[in-house]
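In: when you get a sec, could you give me coordinates for this:
(one chain, ligands or ions: 1)
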Amino acid sequence: MEKIVVLGSGPAGLTAAIYTARAGLSPLVLEGGSPMGILAQAARVDNYPGVAVGTSGFDLMLAMHTQAEALGVRFELEEAVSITPMDDEKGFVLRLSSGESIETESVLLAMGASPKPLEIPGAKELEGRGVSHCSVCDGMFFKGKDVAVIGDGEAALVDAEYLAGICKKVWLINKHTEFIASDLIIRRVKALENIEMLNETIPLEVLQEDGKKSVGGVVLRDLNESKERVLPISGLFIAKGSGRTPNSLWLNELVDLDEYGFVIANDGQTSRKGIFVAGDLLSGSIKQAVTAAASGCVAAFAIGKFLKNKGQK
Ligand SMILES: Cc1cc2nc3c(=O)[nH]c(=O)nc-3n(C[C@H](O)[C@H](O)[C@H](O)COP(=O)(O)OP(=O)(O)OC[C@H]3O[C@@H](n4cnc5c(N)ncnc54)[C@H](O)[C@@H]3O)c2cc1C
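Out: Residues are numbered from 1 along each chain as shown. As a prediction, the model looks like this:
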């Protein structure tokens, strides 16, 4: 029987794994479909304390992963599909996508939240064929081409800046009059000649390139003039800061969720004894790497206390 199984290897899961490993609890981390989490897709991370400005999300997450490995954390490239409480509050049985199962005294839910798809015609059909949620993963496919980024926050500006170094032209489509982001990144993006900002503009439809199953353009509406126009582009990057879907669907009624499906907890402890939560999946949390890591630490302490009390019974 494991003492603690951590679901997810983003900043929340890895921080909890580091703390519980150092507390002698020998954590096992199931990494799911995105080892090192969603931040590994970020072009650059300038707001995580202690790292050089311009560090990529991948490098930051690799450093966390390497640190955890060095402390003896065990990793498996597995995804949990169900958690069943055992009789007499002994622990839980985790069923994995491979069909195997693991018994554990406690579980940390650190599965994060996935970006919501763009709900306009053409977007779903062209997902992976020009419509992307990850500039770092897909940017190089659009070398020398024209692309657009949709979003109103820091992530959209960072993506646009990154893509400007690869693509010929980057259109930045923002439905508001201003960006909800730091002055620094706004100034940097405004200084780049191949980025053009289209404020108060929304996308209406993603168009397919003639005769090919790839993006050929996007239909835009100018909210001021109620005018529509087609922007010819080869790639459309979705960087909407708001609108994440918590990866909690498969939990069923195991723990209490808020109205959006995020897990409710108090200092990491969910409504069910022995099940803890941290990171973007936590109800009411600020969806940032540093807060995810911090809540992973809080949960690790709660897990340690829970296991100690359980051992004394
Ligand atoms: C493009 C982009 C740029 C960003 N830039 C910044 C930034 O500059 N600064 C910043 O602070 N934040 C940034 N963020 C936000 C930051 O990435 C998140 O807040 C943070 O990664 C949340 O960490 P987490 O550990 O909660 O979840 P995640 O990082 O999302 O990790 C979730 C983990 O859970 C695993 N998982 C999912 N389901 C299961 C399952 N059933 N079983 C097992 N494992 C599972 C996944 O494989 C993954 O390993 C950015 C996000 C994006 C998308």
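In: up against the ligand, what does this protein have?
Out: Residues of the chain lying close to the ligand by CB under 6 Å from any ligand atom are 7-13, 30-35, 37-39, 41-42, 45, 47-48, 79-80, 110-112, 115, 155, 247, 279-281, 287-290, 292. Where C-beta positions appear, they are placed from N, C-alpha and C, glycine not excepted.
In: quick one, which of the residues you listed are buried?
Out: 7-13, 30-32, 34, 37-39, 41-42, 45, 48, 79-80, 110-112, 115, 155, 247, 279-281, 287-289, 292 (16 or more other CB atoms under 10 Å).
In: show only the entries of these found in helices.
Out: Pro11, Ala12, Gly13, Ala155, Ala289, Ala292 (DSSP state H).
In: please name the nearest non-neighbouring residue to whatever residue of the stretch 101-250 of the chain ends up closest to the ligand.
Out: Here the stretch 101-250 of the chain gets closest to the ligand at one residue, Gly112, 2.3 Å apart by CB to the nearest ligand atom. In space, and not counting its chain neighbours, Gly112 is closest to Asp280: 4.5 Å by CB to CB, 6 or more residues apart in numbering.
In: so who does Leu249 touch?
Out: Gly261 (CB atoms under 8 Å, 6 or more residues apart in numbering).
In: repeat that for Val277.
Out: So Val277 contacts Leu108, Leu109, Ala110, Val255, Val263, Ala265, Gly268, Thr270, Ser295, Ala299 (CB under 8 Å, 6+ apart).
In: do the same with Thr177
Out: Asn199, Glu200.
In: can you give me phi and psi for it?
Out: phi -80, psi -20 (degrees, to the nearest 10).
In: ok, now how distant is it from Val189?
Out: Distance of Thr177 to Val189, given as CB to CB, to the nearest Å: 16 Å.
In: other SSEs contacting the helix or strand hosting Glu228?
Out: Using DSSP states H and E, Glu228 sits in strand 227-232. With contacts taken as 3 or more CB pairs under 8 Å, 6 or more residues apart in numbering; DSSP states H and E, strand 227-232 sits against strand 215-222.
In: out of the buried ones among the residues of the chain next to the ligand, which sit inside strands?
Out: In this view, these that belong to strands under DSSP state E are Leu7, Leu30, Ala80, Pro115.
In: ok, these vs Lys305, which is closest?
Out: Leu7 (19.8 Å; CB to CB).
In: ok, the closest one touching Leu108?
Out: Yes. Using CB atoms under 8 Å, Leu7 is in contact with Leu108, at 6.6 Å.
In: so what sits against both of these two?
Out: Gly13.
In: ranges for the helices of the stretch 51-200 of the chain?
Out: For the stretch 51-200 of the chain, applying DSSP state H, counting those that start in this stretch gives helices covering 57-70, 135-138, 154-164, 183-190.
In: helices or strands up against the shortest one?
Out: Helices and strands in packing contact with helix 135-138 are listed as helix 154-164, strand 235-238; criterion 3+ CB pairs under 8 Å, 6+ apart.
In: ok, the longest one next?
Out: Packed against helix 57-70 by the contact rule (3+ CB pairs under 8 Å, 6+ apart) you find helix 11-22, strand 74-76.
In: change it to 7 Å
Out: helix 11-22 (3 or more CB pairs under 7 Å, 6 or more residues apart in numbering; DSSP states H and E).
In: tell me the buried residues in the helix it packs on?
Out: Pro11, Ala12, Gly13, Leu14, Thr15, Ala16, Ala17, Ile18, Tyr19, Thr20, Ala21.
In: quick check: the first one touching Ala289?
Out: I take that to be Pro11. Yes. With contacts counted by CB atoms under 7 Å, Pro11 reaches Ala289, the gap being 4.6 Å.
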